[in-house]
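# After the sequence you'll find the predicted model.
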Amino acid sequence: MTPRPDATPPPTPARPSPPPPAAPPSLTDLERRAATRHARPVYGHDALIACDRLVRVFTTDGVEVQALQGLDLLVSEGELMALVGASGSGKSTLMNILAGLDVPTAGAARVAGRDLLAMDARTRLDYRRNIVGFVWQQTARNLLPYLTALQNIALPMQLRGGRRRSERTRAAEELLSLLSLTHCRDRRPHQLSGGEAQRTAIAVALANTPAVLLADEPTGELDSHTAEQVFAAFRTANEELGTTIVIVTHDQKVADEVRRTVAIRDGRTSTEVLRRTEIDAATGRESVVAREYATLDRAGRLQLPADYTAPLGMRDRVLLQREPDHIAVWPDAPADTPAEPPDEDPTEDPTEA
Ligand SMILES: Nc1ncnc2c1ncn2[C@@H]1O[C@H](COP(=O)(O)OP(=O)(O)OP(=O)(O)O)[C@@H](O)[C@H]1O
């Protein structure tokens, strides 16, 4: 048995011989499996965001691009997490779907109990106004240039209705204070620095106390010091207001600051880094320990990182060995070993039979 990778290095286990073919399931087995499947709770039933085998196909001039190819993602209430991935991997496509701006081609997506594939125009508008807030990379897209910071923040409250002007002003002032922007109250966007403008954009996105705050490259146009201040504003929103936050970023510093970073590759979640704080029993010193996990999707598919598979010459197919507490993955045919041992005993004389 191979110990967990975070334990003492294991002795090299013996390569397994291929398992004997399994007996076909009986009718009773199949009925039992079907009954178990019915009794199971819906995938991601307790998550705030649940994407289930999400597909988005764009067709331009008869050419199809599969931007999302069966993406699974669960985000719990109260999380502050980052999405990373190469250009074109599908991050913005996913964010636009979660923001209610685009509709997936297939699959399922639920945010705060709303089914994103089944919303009519009215519920979609309500969803965008009240359930999600959005911060874009370009500050010009987040703020109206002819309104002050306070008026920008009060506008979504006004569009939703139900609150008096004085209440809206007080709520907007509270958000300005929470994000250390009180001095920007009466300034218009062109009078704000890049960082102040993005923090004001966060306040605008939080105006109607959304369940989820989505941000697509919010620090992309900022220097690293300003980016830190903007990220601190996201953290404040998460810790003080309990808002669930998903940030798409290329900024490694931002990705390192959050507890969970999910990587998207070719339109699917591929790996995930989880960070937790550990306290050294001897010194009492705190340190953050990060571990990288591969994502196992609902169909049981796993993307093995190339830097793991390439040195072992793994391609096309691999041999799996089930152990009591883990699964070992073996190259199909290592250079010096035949993939399948010959059936005959080599000591036997083939002419004997
Ligand atoms: N409206 C569209 N029409 C056609 N193809 C699109 C459209 N939007 C996205 N795509 C394609 O879908 C794929 C995923 O794009 P997407 O913008 O989601 O990637 P991304 O990971 O956000 O990239 P980047 O980091 O560069 O913003 C790309 O191949 C892109 O060209």
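Sure thing, it's come through.

# what sits up against the lowest-mean-pLDDT helix or strand in the chain?
Ranked by mean pLDDT, DSSP states H and E, the weakest helix or strand in the chain is helix 27-39, scoring a mean of 77. Contacts of helix 27-39 with the rest of the structure, by CB atoms under 8 Å, 6 or more residues apart in numbering, involve residue 25. The C-beta positions use only the backbone N, C-alpha and C, and glycine is treated the same way.

# buried ones in that helix?
Across helix 27-39, burial judged by 16 or more other CB atoms under 10 Å covers no residue at all.

# just stretch 231-240 next, same as before
For stretch 231-240, the neighbour count (16+ other CB under 10 Å) marks 231, 233, 234, 236, 237, 238 as buried.

# Which ones among those lie within strands?
Judged by DSSP state E, those include no members of strands.

# What about the ligand: which of the residues you listed touch it?
Checked against the ligand using CB under 6 Å from any ligand atom, the buried residues of stretch 231-240 yield no neighbours at all.

# pLDDT weak spots in the stretch 1-150 of the chain?
Scanning the stretch 1-150 of the chain for pLDDT under 70 picks out 1-22, 37-41.

# what's the answer for the stretch 201-350 of the chain, then?
The model of the stretch 201-350 of the chain has pLDDT under 70 over residues 334-350.

# Specify the local secondary structure of residue 59.
Classification of residue 59 by DSSP: H, G, I helix; E, B strand; the rest coil places it in strand.

# so who does it touch?
residue 65.

# Dig out what residue 272 forms beta bridges with.
Judged by DSSP bridges, the bridge partners of residue 272 are residue 262, residue 293.

# residues near it, how many?
A count of neighbours around residue 272, defined by other CB atoms under 10 Å, yields 16.

# And for residue 322?
9.

# Could you pull up phi and psi at it?
Backbone geometry at residue 322, expressed as degrees, to the nearest 10, gives phi -90, psi 130.

# Would you mind measuring from it to residue 223?
To residue 223, residue 322 is 51 Å away according to CB to CB, to the nearest Å.

# same deal with residue 214?
Between residue 214 and residue 223 the computed distance is 23 Å (CB to CB).

# And for residue 148?
Residue 148 is 25 Å from residue 223, by CB to CB.

# So which of these two has more stuff around it?
residue 148 (20 against 10).

# residue contacts, that one?
By CB under 8 Å, 6+ apart, the contact list for residue 148 reads 185, 186, 187, 188.

# For residue 129, pull up the helix or strand it's in.
helix 121-130 (DSSP states H and E).

# Which strands or helices does the lengthiest helix in the chain pack on?
Ranked by number of residues, the top helix in the chain under DSSP state H is helix 224-241. Of the remaining helices and strands, those touching helix 224-241 by 3 or more CB pairs under 8 Å, 6 or more residues apart in numbering; DSSP states H and E are strand 80-84, helix 165-178, helix 194-206, strand 212-216, strand 244-248, helix 252-257.

# Quick one: name the residues of the chain near the ligand.
Going by CB under 6 Å from any ligand atom, the residues of the chain near the ligand are 58, 60, 65, 67, 85, 87, 88, 89, 90, 91, 92, 93.

# Excluding chain neighbours, what is closest to the residue in the stretch 251-353 of the chain that the ligand sits nearest to?
Nearest residue of the stretch 251-353 of the chain to the ligand: residue 264, at 6.7 Å (CB to the nearest ligand atom). Take residue 264 and drop its neighbours on the chain: the residue closest to it by CB to CB, 6 or more residues apart in numbering is residue 85, 3.7 Å away.

# Check whether the one you found really touches residue 265, as I assumed.
Yes: contact criterion CB atoms under 8 Å: residue 85 and residue 265 qualify, at 6.1 Å.

# Which one's more surrounded, those two?
Comparing residue 85 with residue 265 by neighbour count (other CB under 10 Å), the higher total belongs to residue 85, at 22 against 17.

# Count the neighbours of residue 216 for me.
A total of 22 residues lie near residue 216 under the criterion other CB under 10 Å.

# Could you do residue 140 as well?
For residue 140, the tally of surrounding residues (other CB under 10 Å) stands at 11.

# Tell me if it really is in a helix.
Yes: assessed with three-state DSSP, residue 140 lies in a helix.

# ok, back up a step: ok, of the contacts of residue 148, which come out buried?
Using 16+ other CB under 10 Å as the burial test, the contacts of residue 148 include 185, 187, 188 as buried.

# which of those residues lies closest to residue 252?
residue 187 (31.7 Å; CB to CB).
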